[in-house]
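Visitor: I'll drop the sequence and a predicted model, then ask my questions.
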Amino acid sequence: MTLIPNSPGAPVQCEPPAVPEHMVVLLLEGGQRVLVKLEEAIASDDPRLKAHFTKKMLAILDELRRRLNHDQGGDLVDTLDRLYDWWHREILLARSNGDVERLKRVHAQMGDMRQAWEYVLFQGEGMSESPEL
């Protein structure tokens, strides 16, 4: 019997779930993209876009915080939690004061953290540089 793709009972091909660290890299990458959009919204003084991209950015930060394992992470998790909280406050202050320099600092720190996670993930796989995600 041949199954027709997209028909009931057809096998579904799914990507394997990403390792938790890979999800952190993806969240940081997405956060950097949203920060660029938020910076543009602040520069254009568009309240609707500022609200939209602020909400998206805070959701990404909430997801990063949700992924912290406070039972096993020790000081590192506490430090990351404080950093994510600080980023949250910086984003709100940047939006309310029109201060894109705050966003640029958060963007740079996210980039540094993303590079560190990529190094940990991909050096362990014998890769000399991280693939384009």
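Guide: Here it is on my side, so go on. Note that the structure is predicted; figures quoted are calculated from it, not measured.

Visitor: What count of nearby residues applies to S96?
Guide: By the measure other CB atoms under 10 Å, the count of residues near S96 is 11. (C-beta placed from N, C-alpha, C; glycine too.)

Visitor: got the contact list for the residue nearest the centre of the chain?
Guide: Residue closest to the average C-alpha location in the chain (CA atoms, centre = their mean): L27, at 2.2 Å. Applying CB atoms under 8 Å, 6 or more residues apart in numbering, we find L27 in contact with 60, 63-64, 67.

Visitor: Swap in 6 Å and give it another go.
Guide: Neighbour list for L27: 60, 63-64 [criterion: CB atoms under 6 Å, 6 or more residues apart in numbering].

Visitor: Which residue ranges of this protein form strands?
Guide: In the chain, no strands are defined using DSSP state E.

Visitor: Low-confidence regions, it specifically.
Guide: Low-confidence regions of the chain, defined by pLDDT under 70, span residues 1-18, 124-133.

Visitor: Could you rerun that using 50?
Guide: Within the chain, the stretches with pLDDT under 50 are 1-4, 17, 128, 133.

Visitor: for it, what spans make up the helices?
Guide: For the chain, applying DSSP state H gives helices covering 20-44, 47-66, 74-97, 100-123.

Visitor: mind listing what's buried in the last one?
Guide: Of the residues in helix 100-123, those buried under the neighbour-count criterion (16 or more other CB atoms under 10 Å) are 100, 102-103, 106-107, 110, 113-114, 117-118, 121-122.
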